[in-house]
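A.B. asks: missing the sequence, but the structure's below:
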């Protein structure tokens, strides 16, 4: 999907094509459902979503997840302790005020 939908975000790098790499696209949570915050100031429901993503990756025998996010979400992932590696520099896409970028968990 990345190569077909947002190839500009790859920065000339080939899209990952490996059965051990899962691709996540849009993900979101309704943080009003659970008001509890974790020690890192993230909402507990956000951490539950991340845990489910890790569980899905393990269930698929994957060792990494590639995702397109904006730079705001990158900060949340880092606060959650996810090891991130940018595949390319952030690029402005559409009218969103955040800069989109592609990252790969390693």
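C.D. replies: Arrived safely, thanks for sending. Because the structure is predicted, anything quoted here is derived from the model rather than measured.

A.B. asks: all helices for the protein, in order.
C.D. replies: 2-5, 44-59, 71-79 (DSSP state H).

A.B. asks: avg pLDDT for the first one?
C.D. replies: Going back to what we said before, that points to helix 2-5. Averaging pLDDT along helix 2-5 gives 83.

A.B. asks: out of the helices of the chain, nearest to residue 94?
C.D. replies: In terms of Cβ to Cβ, the element of the helices of the chain nearest to residue 94 is helix 2-5, at 12.2 Å. The C-beta positions use only the backbone N, C-alpha and C, and glycine is treated the same way.

A.B. asks: thinking again about what came up before, can I get the helices of the chain in a markdown table including distance to residue 34 and mean neighbour count?
C.D. replies: Conversion of those to a markdown table gives the following (distance: least, Cβ to Cβ, whole Å; neighbours: other Cβ atoms under 10 Å):
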| stretch | distance to residue 34 | mean neighbour count |
| --- | --- | --- |
| helix 2-5 | 31 | 12 |
| helix 44-59 | 4 | 14 |
| helix 71-79 | 16 | 14 |
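
A.B. asks: Excluding covalently adjacent residues, which one is nearest to the residue sitting nearest the centre point of the chain?
C.D. replies: By Cα atoms, centre = their mean, the chain has its centre lying nearest to residue 67, at 4.1 Å. For residue 67, ignoring the flanking residues on the chain, the nearest one in space by Cβ to Cβ, 6 or more residues apart in numbering is residue 24 at 4.3 Å.
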